[in-house]
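J.: with the input below, show me the fold.
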Amino acid sequence: YSVFLVKCCLCAFCQTAALRFLRSKSVPVSSCVRTRKSQFSKFQMSRQVRRASRDEELMRNHVTFTTWGIKLNKEQYLQRELAIRFQEWTVEQMRTWVLVDDTGALLASCETYRMHSLLHTPEGTSSPGFTEGVASVFVEEALRGRGYASELINGVVAQTLPEGPHAHILYSEVGEKIYHALGFRARPAFER
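T.: The predicted structure follows:
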């Protein structure tokens, strides 16, 4: 089962605002959760979270095939992933992130998608902006259980927070516990 999770980035609005994300489907959110920006400014690590190079993106496709290539052979999976990367919307809105160690070895990866959103207040005002959707969080099986996914997500949030998103969102198929510890909160998601 999938869980829709939200991490609000607008501390000043957290107690009074409700977020509504506008995409091809509306995703109403009844409330948002207070998140202190200071927790990200103190974020330090010996490893580095950064944007992936084009070669790293392609390499990650080979690694993720065993987990996400269900019903496709490897060639079909790689072609599909390449086609996705060159769609107009993904070229403009998708970013791939990696967590690397001091030697440059890739420990984890994920993607973010920038989506238009509106912040609605109880007073009836609204503010257009954007929301960062986090997707495809991946750690190779041999490297799991070491906190790399959490470190990656915290790093991505820390690096995108200064850009001013309304929130960071994701759908989780592994449940909400791991993301709850990172400040995300489960919210209802509605399909249209």
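J.: tell me which element the residue in the chain sticking out farthest from the centre is part of?
T.: Relative to the mean C-alpha coordinate of the chain, counting by Cα atoms, centre = their mean, the farthest residue is residue 123 (29.6 Å). If you go by DSSP states H and E, residue 123 is not part of any helix or strand.
J.: what about the longest strand in this protein?
T.: When the chain is parsed with DSSP state E, its longest strand is strand 106-120.
J.: number of residues surrounding residue 188?
T.: For residue 188, the count of nearby residues is 10 (other Cβ atoms under 10 Å). To be clear about C-beta, it is placed using only N, CA and C from the backbone, and glycine gets the same treatment.
J.: please read the previous query as pertaining to residue 62.
T.: Number of residues near residue 62 (other Cβ under 10 Å) recorded here: 13.
J.: over to it. Which of the three states is it?
T.: What DSSP: H, G, I helix; E, B strand; the rest coil gives for residue 62 is helix.
J.: quick one, what contacts the residue lying closest to it once chain neighbours are set aside?
T.: Counting by Cβ to Cβ, 6 or more residues apart in numbering, residue 78 is the residue found nearest to residue 62 once chain neighbours are left out, at 7.2 Å. Residue 78 makes contacts with 61-62, 65, as judged by Cβ atoms under 8 Å, 6 or more residues apart in numbering.
J.: cool, and residue 139?
T.: 107-108, 148-149.
J.: what ranges do the helices span in this structure?
T.: 38-41, 54-68, 74-85, 88-93, 148-160, 177-180 (DSSP state H).
J.: and the second one, what does it pack onto?
T.: Using 3 or more Cβ pairs under 8 Å, 6 or more residues apart in numbering; DSSP states H and E as the contact criterion, the neighbours of helix 54-68 among helices and strands are helix 74-85, strand 94-100, strand 106-120, strand 126-138.
J.: to residue 181, which of these lies closest?
T.: Closest of the helices and strands packed on helix 54-68 to residue 181 is strand 126-138, at 13.8 Å (criterion: Cβ to Cβ).
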